[in-house]
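Trainee: build me a model:
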Amino acid sequence: MNYEKLKPEIETDPPHLSYAEMTDADLAALLNVSNRTITRRAPVTKYAFVDLLGLPRAGELWAKIQTLAEANTEAAMALRLLDADEGIDASMLASLLPRAKTALGILDNEIAVLTTETVSRAEEIGIEEVTHAHIRSARHQIQVGVSYE
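Mentor: Presented below is the predicted three-dimensional model:
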């Protein structure tokens with residue numbers, strides 16, 4: 001466990017959920033619940049496009065992107081990046097898609113599916129799944145002023 005990331009989370013309680021009043025088990029469970037929407041961390045590739053939207057809808061949008069790319073430089077950029085093996089950064093895709101939204105007929109929820117993901121607070125701050133023992137140890141380290149992994 002990366003206590004250097006867990007301890008500040010417990011001490012500062014950024015979501016303001018009264019961590020101090022929770023039991024170790026309750027806080028661990030809360031940190032592990034996947035309920036936070038963040039910008040997708042992995043690049044969006046043409047394969048992810050199909051996985052996220054399903055083959056029929058992805059195929060329909062892909063054809064529209066190809067047609068639109070002929071006249072629209074932003075769509076052409078998105079197409080080139082989506083088609084590349086390394087894909088396109090989700091935040092870049094999120095800025096490109098709404099501008100081509102009408103021409104593509106893409107829905108807001110489809111843009112969200114392509115550009116965001118749901119994670120736990122633990123994942124968001126970059127730590128593994130948290131157990132009550134991790135919370136107990138972190139709280140003890142905070143109390144006595146110990147700093148170690």
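Trainee: only C-alpha atoms from now on, for both contacts and neighbour counts.
Mentor: OK.
Trainee: now the helices for the chain?
Mentor: 3-12, 24-32, 46-53, 55-69, 73-83, 90-96, 101-104, 108-115, 121-125, 132-144 (DSSP state H).
Trainee: mean pLDDT and mean neighbour count added to those, as a markdown table?
Mentor: Formatted as a markdown table, those follow (pLDDT from 0 to 100; neighbours: other CA atoms under 10 Å):
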| stretch | mean pLDDT | mean neighbour count |
| --- | --- | --- |
| helix 3-12 | 95 | 16 |
| helix 24-32 | 97 | 18 |
| helix 46-53 | 86 | 16 |
| helix 55-69 | 83 | 15 |
| helix 73-83 | 73 | 18 |
| helix 90-96 | 81 | 17 |
| helix 101-104 | 74 | 14 |
| helix 108-115 | 85 | 17 |
| helix 121-125 | 95 | 17 |
| helix 132-144 | 95 | 16 |
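Trainee: output those as CSV; include the columns distance to residue 40.
Mentor: Listed next are these as CSV, based on distance: least, CA to CA, whole Å:
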stretch, distance to residue 40
helix 3-12, 21
helix 24-32, 18
helix 46-53, 11
helix 55-69, 18
helix 73-83, 14
helix 90-96, 6
helix 101-104, 19
helix 108-115, 5
helix 121-125, 11
helix 132-144, 27
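Trainee: how about the contacts made by residue 34?
Mentor: Counting by CA atoms under 8 Å, 6 or more residues apart in numbering, residue 34 touches 118-121.
Trainee: nope, residue 132 is what I was after
Mentor: 24-28.
Trainee: just the pLDDT at residue 16, thanks.
Mentor: Listed pLDDT for residue 16 reads 90.
Trainee: near it, how many other residues are there?
Mentor: 7 (other CA atoms under 10 Å).
Trainee: next one: it from residue 70, what distance?
Mentor: The gap separating residue 16 from residue 70 is 49 Å, by CA to CA, to the nearest Å.
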